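Enquirer: Predicted model and sequence follow; I will ask about them next.
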Amino acid sequence: MTTSTYPDDLLYTQDHEWARVEEANGEKLVTVGITSFAVEQLGDVTQVDLPREGQHAKRAEVFGSVESVKAVSDLFAPLSGKIVKVNSALVSSPETVNDDPYSRGWMIQVAPASPDDLNHLMSADAYRSFLHKQGE
């Protein structure tokens, strides 16, 4: 069993991405990153490849990748929408994903195309149950 923690204010995917829903200037924005479980499985992150701002993400499709000492893993968008911000600091400091996956290690910020996409995501409790059922 993993010793990771999963903040209750986030939503989660079965692919181990998290989503934080925020309001900014009256518009909904969703910040996306990977969970501490994903970080533990990857090991030391050595490179993060992210899309450009202005590109569109499509729910459940690849939006980038994370390379570690163990493997290269695709990143899957938890929702569809326009990518309005990319954490470009990860290019020069990819280890930030290991050190702080839920704050400074965020990857993209998306303006949702459809709020219904969020209905497909899990709460922290559901994500913990999902991991437990997977034997992780």
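Expert: Happy to help now that I have it.
Enquirer: what does the model give residue 124 for pLDDT?
Expert: pLDDT, residue 124: 97.
Enquirer: Contacts only, for it.
Expert: Contacts for residue 124 (Cβ atoms under 8 Å, 6 or more residues apart in numbering) come out as 6, 7, 8, 10, 12. C-beta coordinates here come from the backbone N, C-alpha and C atoms, glycine included.
Enquirer: And the first one, how far from residue 57?
Expert: The reference is to residue 6. Relative to residue 57, residue 6 is positioned 22 Å away (Cβ to Cβ, to the nearest Å).
Enquirer: now do the fourth one
Expert: In this structure, residue 10 and residue 57 are 17 Å apart, going by Cβ to Cβ.
Enquirer: more crowded one of the two?
Expert: Remark: of residue 10 and residue 57, residue 57 carries more neighbours, 27 against 21, as counted by other Cβ atoms under 10 Å.
Enquirer: My understanding was that the more buried one contacts residue 83; is that so?
Expert: Yes - using Cβ atoms under 8 Å, residue 57 is in contact with residue 83, at 5.7 Å.
Enquirer: Now for these two: what residues contact both?
Expert: 51, 63, 108, 110.
Enquirer: Show me the beta-bridge partners of the last one.
Expert: Think residue 110. residue 30, residue 83 (DSSP bridges).
Enquirer: Report the contact partners of it.
Expert: 29, 30, 31, 32, 57, 77, 79, 81, 82, 83, 84.
Enquirer: one more time with 6 Å, if that's ok
Expert: 30, 57, 81, 83 (Cβ atoms under 6 Å, 6 or more residues apart in numbering).
Enquirer: Tell me how far it lies from residue 29.
Expert: From residue 110 to residue 29 the distance is 7 Å (Cβ to Cβ).
Enquirer: now residue 12
Expert: Distance from residue 12 to residue 29, by Cβ to Cβ: 18 Å.
Enquirer: higher neighbour count, these two?
Expert: residue 12 (24 against 17).
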